[in-house]
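[1] Quick one, what's the 3D model for this:
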Amino acid sequence: MESSDVPAAPAAPTLKPGRGRRPADDVRRAALAAAAEVLLADGMPGVTFAKVAARAGVSKMTLYKWWPSPGSLAFEAYFSVFERTLAFPDTGDIRRDLTEQLHAFVDLVERHGPVLAGIVGAAQSDPGLAAALSEQYVRKRRGLAVERLARARELGQIRAGVDLETVVDQLWGACYHRLLLPADLPLDREFTDRLLGNLLTGIAPDGT
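    Next comes the predicted model:
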């Protein structure tokens, strides 16, 4: 996946005011699309309920009802745009699948790294955002990675007894370290390829 294939935020479908209750799904989609537009244009500080409500054509009270904070709305909007980009493949070849997933992640960071870093940073002081980040993103993505690694272990592609949670930390922890603690070191495909090569040399089955 080339970095140019990383999707941009969808255009926000502004809802027209009118009589009667509009379908909740339509209202939610409009709010998320509007929040994604604001987030990718202005970063986390730019996402407010007032700005998103005006852009989406929904009421601020609706946003307050569905999201505990603008940060939690911003995160869900981010994830709704990029969830498919970060899907975990399963071709039967663990090296290939990890390489593809890590490439997709660093391509996303190349375009929207400051947004992702802003979400992680804001979560430190926004309990609503912290809960959404943990429940909807971190735990789910860790679970997908561990499941994929477990299947590879069953196929003999990873040595028995390897702590798969630690493998996840070694790979994605290293990427987030470079994202959040910049030290003039690149976070790119070459880095993830070296990272993966070092790791797989250590966890490959004996005799291979």
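[2] which stretches of this structure form helices?
    Under the criterion DSSP state H, helices of the chain are mapped to 24-42, 49-56, 60-66, 70-82, 94-123, 127-132, 139-154, 164-168, 174-180, 189-203.
[3] could you say what helices and strands the shortest one packs with?
    Helices and strands touching helix 164-168, by 3 or more C-beta pairs under 8 Å, 6 or more residues apart in numbering; DSSP states H and E, are helix 139-154. (Glycine included, C-beta is placed from N, CA and C.)
[4] about what we covered before: adding mean neighbour count, write the helices of the chain out as TSV.
    Listed next are those as TSV, based on neighbours: other C-beta atoms under 10 Å:
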stretch	mean neighbour count
helix 24-42	20
helix 49-56	19
helix 60-66	15
helix 70-82	24
helix 94-123	19
helix 127-132	19
helix 139-154	16
helix 164-168	16
helix 174-180	16
helix 189-203	14
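[5] wait, which of the ones you listed is closest to Phe88?
    helix 139-154 (4.5 Å; C-beta to C-beta).
[6] Contacts made by the closest one with the rest, please.
    Residues outside helix 139-154 that contact it (C-beta atoms under 8 Å, 6 or more residues apart in numbering): 86, 88, 90, 94, 97-98, 101, 158-160, 162, 164-165, 167-168, 171-172.
[7] so where is this structure shaky, pLDDT-wise?
    For the chain, residues meeting the criterion pLDDT under 70 lie at 1-22, 204, 206-208.
[8] Find the residue closest to Arg96 in space, skipping its chain neighbours.
    Once flanking residues are discounted, Arg96 sits nearest to Pro89: 7.9 Å by C-beta to C-beta, 6 or more residues apart in numbering.
[9] An error on my part: the question was meant for Pro114.
    Gly43 (6.4 Å).
[10] Over to Pro186?
    Arg178 (7.7 Å).
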